[in-house]
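Chemist: the amino acid sequence is not available; the structure is as follows:
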């Protein structure tokens, strides 16, 4: 499992540090993805060589601040980026060994929903306001699987039961605005599950919800994943949310993956100053309320990404080399990589 | 829902009486001597005058006269025009013409306005969009009487594609040019409204969701986008119905169509109080009904709006 951050002119192929699963490929694989947005203010380099992969039954959390490119990567996988303004400059996205970026639109559409499905952040705007929820869940079943109206509706009720919406049979004809935020998110999940996807991408599924409901939705996603054995990509900016569900975490910054590790390693021994700063900024619940720790500065403007390491203006460990050279992805063992010139020192706690 | 409709109906009744009262008062104040107008050039003897005054309740106070008038209207007796014709007969003759004209106008507005708007909205910034945008701007800025006269001169007199004035032997074809003139403004507005609505909805989050389901673009646009985009358009069209009917007035004048608008035009010139008040009351009624329909339609089209 490799996560690498590279420049497009970098000729070396990222080395895998563990044996690929049977069949020699991952279920879903993003490799060296470069995406730009052409705006009036100039070209925003939103993704600058993102690579990650995920296999059946595992959960990869993609962590980062707003604008780090987590959602854009997900939309590129789904093929629902608005092109233009978005342009995919380079890279590969493979599902089940098949390259999605060069695939014919019809083939690609067949993968959407049935192969890779997505749960969006704000269920109120992501659901169509003028159709009943049952209709929206059943739509994919009718159109894609050719089921009858009655059959699809019965299946929609089953799906609503499965995501634990109480009185599903009575609520199937209700409209999205008639549900609470948590229930609406469950409807979104039921809709995403309708065609039995092998990969589920959840894009900040709990951001719009209050804390107790967040926990319920995370539990639901974890349970569903266990039951179905699907791969789960969980996009979030909330370190607290991922700790209990994720197997691995990829930390994104300015369109790159700056660190990738399993959950325990990442929390215990981060190899990147950015990850360390993120962990330090989690509010602690003991003692008296001290001032919250924050990361000074702002994420870079993507139309003017700083030279060298994009994190250097905010980095407490900055050296001269950081302002000139883009750090390579350094292998720290056991699939742990960090794109920092001083990754080993950070990892060892020497810095 | 039914409580809402009931409440709206009661409001409509009040509006109806209020509006007709104002019209009646206006007509009452501008009419100098209705009896002389009735008699035309002939002199009226004092006894004739007394008899007619009693017959038309002209010596009664204003409100009593209005009361008599409304009683007649509500019992189906619209009274007589100042020239003695039954207003019911006048309307029975004029009404179908105006209805046909309005129906054809509406058809043109819906077919060209909505279709054009959808195309422009789907390719916002494209050649079709830019062209229609410019044309609709010109149309919206041009008064109906200018447009009517220009179209009459160019397409009927010069090019000879249409007849310049009403020709009943042509059937509905005779309404096409006037309908274009009446409908052009609504058509332009409909097109721009549809365009904006489609373009806006195309960017909505639920469209991304629909795409993520693996639906075809035709289905995403044809089902998800259209269903949402047409909510404001349909409600606009329903309110426009009343506007089209009153817009018909000027155009019927230009093209000499003896419809309701033409009669109203005539009535105002001849100070024919009963005729004007009756026709305007009918137009008010149409407005009220179409507004009520719009409110109910809104709730039907957009489930987020519930009239409790």
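Modeler: Alright, I've got the coordinates. On a predicted model such as this, the values are computed, not experimentally measured, just so you know.
Chemist: any idea how far residue A:325 lies from residue B:250?
Modeler: According to Cβ to Cβ, to the nearest Å, residue A:325 stands 76 Å off from residue B:250. Glycine gets a C-beta too; all of them are placed from N, C-alpha and C.
Chemist: can you classify whatever residue of the stretch 201-308 of chain B ends up closest to chain A by secondary structure?
Modeler: Nearest residue of the stretch 201-308 of chain B to chain A: residue B:214, at 3.5 Å (Cβ to the nearest Cβ). At residue B:214 the chain is in coil, as set by DSSP: H, G, I helix; E, B strand; the rest coil.
Chemist: same deal with residue A:251?
Modeler: Going by three-state DSSP: residue A:251 is strand.
Chemist: okay, now residue B:293: neighbour count?
Modeler: Counted with other Cβ atoms under 10 Å in any protein chain shown, residues neighbouring residue B:293 total 14.
Chemist: check residue B:76 too.
Modeler: Counted with other Cβ under 10 Å, the neighbours of residue B:76 add up to 7.
Chemist: where's the residue of chain A most remote from its centre, which helix or strand?
Modeler: Of all residues in chain A, residue A:150 has its C-alpha farthest from the mean position, at 34.8 Å, by Cα atoms, centre = their mean. Here residue A:150 sits within helix A:149-162, counting by DSSP states H and E.
Chemist: from the contact counts, what lies against the following helix or strand past that helix?
Modeler: Note on helix A:149-162: by DSSP H and E, the next helix or strand toward the C-terminus is helix A:168-171. Helix A:168-171 sits against helix A:149-162, with contacts defined as 3 or more Cβ pairs under 8 Å, 6 or more residues apart in numbering or on different chains; DSSP states H and E.
Chemist: from the contact counts, what lies against the helix it packs on?
Modeler: Applying 3+ Cβ pairs under 8 Å, 6+ apart, one finds that helix A:149-162 contacts helix A:133-145, helix A:168-171, helix A:181-193.
Chemist: okay, now the unreliable bits of the stretch 201-308 of chain B?
Modeler: By pLDDT under 70, the weakly predicted segments of the stretch 201-308 of chain B are B:306-308.
Chemist: one more time with 80, if that's ok
Modeler: Along the stretch 201-308 of chain B, segments meeting pLDDT under 80 span B:242-243, B:245-250, B:253, B:269-274, B:305-308.
Chemist: so which residue is smack in the middle of the chain?
Modeler: Unless you meant another one, I'm taking chain A. Centre-nearest of chain A using Cα atoms, centre = their mean is residue A:235, 3.2 Å out.
Chemist: I was thinking of chain B, sorry if that wasn't clear
Modeler: Geometric middle of chain B (Cα atoms, centre = their mean) lands on residue B:245, at 2.4 Å.
Chemist: host element of it?
Modeler: Residue B:245 belongs to helix B:226-254 when elements are defined using DSSP H and E.
Chemist: tell me the buried residues in the next helix-or-strand element following that helix?
Modeler: Later in the chain than helix B:226-254, the nearest helix or strand by DSSP H and E is helix B:260-269. For helix B:260-269, burial by neighbour count (16 or more other Cβ atoms under 10 Å in any protein chain shown) applies to B:260-268.
Chemist: can you check stretch B:168-188 too?
Modeler: For stretch B:168-188, by 16+ other Cβ under 10 Å, it's B:174-188.
Chemist: of all pairs in those, which one is the farthest apart?
Modeler: Greatest spacing in these, by Cβ to Cβ: B:174 and B:188 (23.7 Å).
Chemist: okay, now the closest residue in space to residue B:21 that isn't next to it in sequence: neighbour count?
Modeler: Spatial nearest neighbour of residue B:21, excluding adjacent residues (Cβ to Cβ, 6 or more residues apart in numbering or on different chains): residue B:66 at 6.2 Å. Per other Cβ under 10 Å, the neighbour tally for residue B:66 reads 18.
Chemist: what distance do you get for residue B:66 to chain A?
Modeler: Using Cβ to the nearest Cβ, to the nearest Å, residue B:66 is found at 46 Å from chain A.
Chemist: list the contacts of that residue.
Modeler: Neighbouring residues of residue B:66 by Cβ atoms under 8 Å, 6 or more residues apart in numbering or on different chains: B:21, B:24-25.
Chemist: got it, and residue B:254?
Modeler: Here residue B:254 is in contact with B:145, B:148-149, B:152, B:178, B:181 (criterion: Cβ under 8 Å, 6+ apart).
Chemist: host element of the residue nearest to residue B:21?
Modeler: Assigned by DSSP H and E, residue B:66 belongs to helix B:62-74.
Chemist: any idea how far whichever helix or strand comes after that helix is from the chain center?
Modeler: Per DSSP H and E, the first helix or strand lying C-terminal to helix B:62-74 is helix B:87-108. Relative to its chain's centre, helix B:87-108 lies at 11 Å (Cα atoms, centre = their mean, to the nearest Å).
Chemist: ok, and what's touching helix B:87-108?
Modeler: When contacts are defined by Cβ under 8 Å, 6+ apart, helix B:87-108 is touched by residues B:76-81, B:172, B:175-176, B:178-180, B:182-183, B:186-187, B:237, B:241, B:244-245, B:248, B:252, B:257-263, B:274-275, B:278-279, B:282.
Chemist: go again using 7 Å as the cut-off
Modeler: B:78-81, B:172, B:175-176, B:178-180, B:182-183, B:187, B:244-245, B:248, B:257-263, B:274-275, B:278 (Cβ atoms under 7 Å, 6 or more residues apart in numbering or on different chains).
Chemist: for the helix or strand harbouring residue A:36, enumerate the helices and strands it packs against.
Modeler: Here residue A:36 sits within strand A:28-39, counting by DSSP H and E. Where contact means 3 or more Cβ pairs under 7 Å, 6 or more residues apart in numbering or on different chains; DSSP states H and E, strand A:28-39 is packed against strand A:42-54, helix A:70-78, strand A:86-95.
Chemist: how about residue A:111: what's its closest non-neighbour residue?
Modeler: Closest residue to residue A:111 apart from its sequence neighbours, by Cβ to Cβ, 6+ apart: residue A:95 at 5.8 Å.
Chemist: roughly how far apart are the one you found and residue A:205?
Modeler: Plainly put, residue A:95 is 21 Å away from residue A:205 if you go by Cβ to Cβ.
Chemist: who's more crowded, these two?
Modeler: residue A:205 (27 against 20).
Chemist: the more buried one and residue A:279, how far apart?
Modeler: Distance from residue A:205 to residue A:279, counting by Cβ to Cβ: 22 Å.
Chemist: hang on, isn't the residue nearest to the centre of chain B packed against residue B:286?
Modeler: Yes - contact status for residue B:245 versus residue B:286: in contact at 5.9 Å, counting by Cβ atoms under 7 Å.
Chemist: returning to what we had before: got JSON lines for the helices and strands packed on strand A:28-39, with mean pLDDT too?
Modeler: Shown next, in JSON lines, are those (pLDDT from 0 to 100):
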{"stretch": "strand A:42-54", "mean pLDDT": "88"}
{"stretch": "helix A:70-78", "mean pLDDT": "91"}
{"stretch": "strand A:86-95", "mean pLDDT": "89"}
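Chemist: with distance to residue A:224 as extra columns, can I get those in JSON lines?
Modeler: Formatted as JSON lines, these follow (distance: least, Cβ to Cβ, whole Å):
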{"stretch": "strand A:42-54", "distance to residue A:224": "15"}
{"stretch": "helix A:70-78", "distance to residue A:224": "18"}
{"stretch": "strand A:86-95", "distance to residue A:224": "20"}
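Chemist: could you list every residue that touches residue A:325?
Modeler: Contacts of residue A:325 (Cβ under 7 Å, 6+ apart): residue A:308.
Chemist: now it, what are its backbone angles?
Modeler: Main-chain torsions, residue A:325, degrees, to the nearest 10: phi -110, psi 140.
Chemist: repeat that for the one 5 residues further on.
Modeler: Backbone geometry at residue A:330, expressed as degrees, to the nearest 10, gives phi -100, psi 130.
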